[in-house]
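In: Sequence and predicted structure below; questions after.
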Amino acid sequence: MFTTNIGILALIAVTALVYLGLLHRVLDRMRLTKIQALIILLAMLGAGFLPNIHLYGGLSLNIGGALIPVAIAIYLIVTADEAEERRRALLTSGVVAAVVYLSDKIFALEPTSSFFIIDPLFVPAIVAAVTAYLLGRSRRSAFIGGILGVILTDLLAWIENQWLYQLHVPIVLGSTGVFGASVIAGLGAVLLAEAAGEILERLQGGPRK
């Protein structure tokens, strides 16, 4: 599948960048060492193939695609240096979830449609990166917003089906592990944020968070 290939490429790209030390500043912002980051990436890859954890009413979560990434996002929020950074990360997640959820409603096109220009899997990553920079230009917020934003979007869809329409539609958070939208959104968002941050830093002559 196209989606799976994108997930593999995203994971390989990030792993290679981490291994080569090209994301050292991002890891510094996230308070992770290169070894820790590589272990987390490999853990997400392996855990993505474990059985899903069933929660309630058809809702379940994938360990590699939801549990580990959400735990990392929470860690990043808790270890943020300033309360403003924590608020910005949470606000980014909420805005990303709202925008992605509404975009699914407003632009509900089939992938085969001639008007379907961008694969929907890319939307969360793009929205996360852009929103993070509009709210604070933070690599940390971009990653957190990409992960939590997609997870919150899935939760909104489950609540809508369960309580509003009385539909028992199974929903798996982080459905396809490291190949799922939440992980790709987080990885894609932080890469986009890093690229944009580098450009802004060179133009404005100073490092950003």
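Out: Okay, I see it. Numbering: from 1, shown residues only.
In: what about the helices in this protein?
Out: 2-19, 24-29, 34-47, 68-78, 83-106, 122-135, 139-159, 181-204 (DSSP state H).
In: least reliable of those helices going by mean pLDDT?
Out: Comparing mean pLDDT across the helices of the chain, the weakest is helix 2-19, with a mean of 63.
In: returning to what we had before: go through the helices of the chain and pick out the most buried.
Out: Comparing the helices of the chain by mean neighbour count (mean count of other CB atoms under 10 Å), helix 139-159 ranks first with a mean of 26. The way it works is simple: take the backbone N, C-alpha and C, and place the C-beta from them, glycine included.
In: so what secondary structure elements neighbour that helix?
Out: Helix 139-159 sits against helix 24-29, helix 68-78, helix 83-106, helix 122-135, strand 171-173, helix 181-204, with contacts defined as 3 or more CB pairs under 8 Å, 6 or more residues apart in numbering; DSSP states H and E.
In: Now tabulate the helices of the chain in a markdown table and tack on distance to Ser60.
Out: Below are the helices of the chain laid out as a markdown table (distance: least, CB to CB, whole Å):
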| stretch | distance to Ser60 |
| --- | --- |
| helix 2-19 | 19 |
| helix 24-29 | 31 |
| helix 34-47 | 14 |
| helix 68-78 | 14 |
| helix 83-106 | 19 |
| helix 122-135 | 20 |
| helix 139-159 | 10 |
| helix 181-204 | 14 |
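In: I'd like to know which of those is closest to Tyr56.
Out: helix 139-159 (9.4 Å; CB to CB).
In: how long is stretch 165-183 end to end?
Out: 28 Å (CA to CA, to the nearest Å).
In: related to what we said a few turns ago, could I get the helices and strands packed on helix 139-159 as JSON lines with distance to Gly46?
Out: Shown next, in JSON lines, are the helices and strands packed on helix 139-159 (distance: least, CB to CB, whole Å):
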{"stretch": "helix 24-29", "distance to Gly46": "21"}
{"stretch": "helix 68-78", "distance to Gly46": "10"}
{"stretch": "helix 83-106", "distance to Gly46": "26"}
{"stretch": "helix 122-135", "distance to Gly46": "23"}
{"stretch": "strand 171-173", "distance to Gly46": "17"}
{"stretch": "helix 181-204", "distance to Gly46": "13"}
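In: Out of the helices of the chain, which is closest to Leu173?
Out: With distances scored as CB to CB, the stretch of the helices of the chain nearest to Leu173 is helix 139-159 (5.3 Å).
In: isn't Leu32 right up against Leu41?
Out: No: judged on CB atoms under 8 Å, Leu32 makes no contact with Leu41 at a distance of 10.6 Å.
In: partner residues bridging Val172?
Out: On the basis of DSSP bridges, Val172 is bridged to Ser60.
In: quick one, what contacts it?
Out: Val172 makes contact with Asn52, Ser60, Leu61, Asn62, according to CB atoms under 8 Å, 6 or more residues apart in numbering.
In: Quick check: PyMOL command selecting the buried ones in those.
Out: To isolate the buried ones among these in PyMOL, judged by 16 or more other CB atoms under 10 Å, type:
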select buried, resi 52+60+61+62
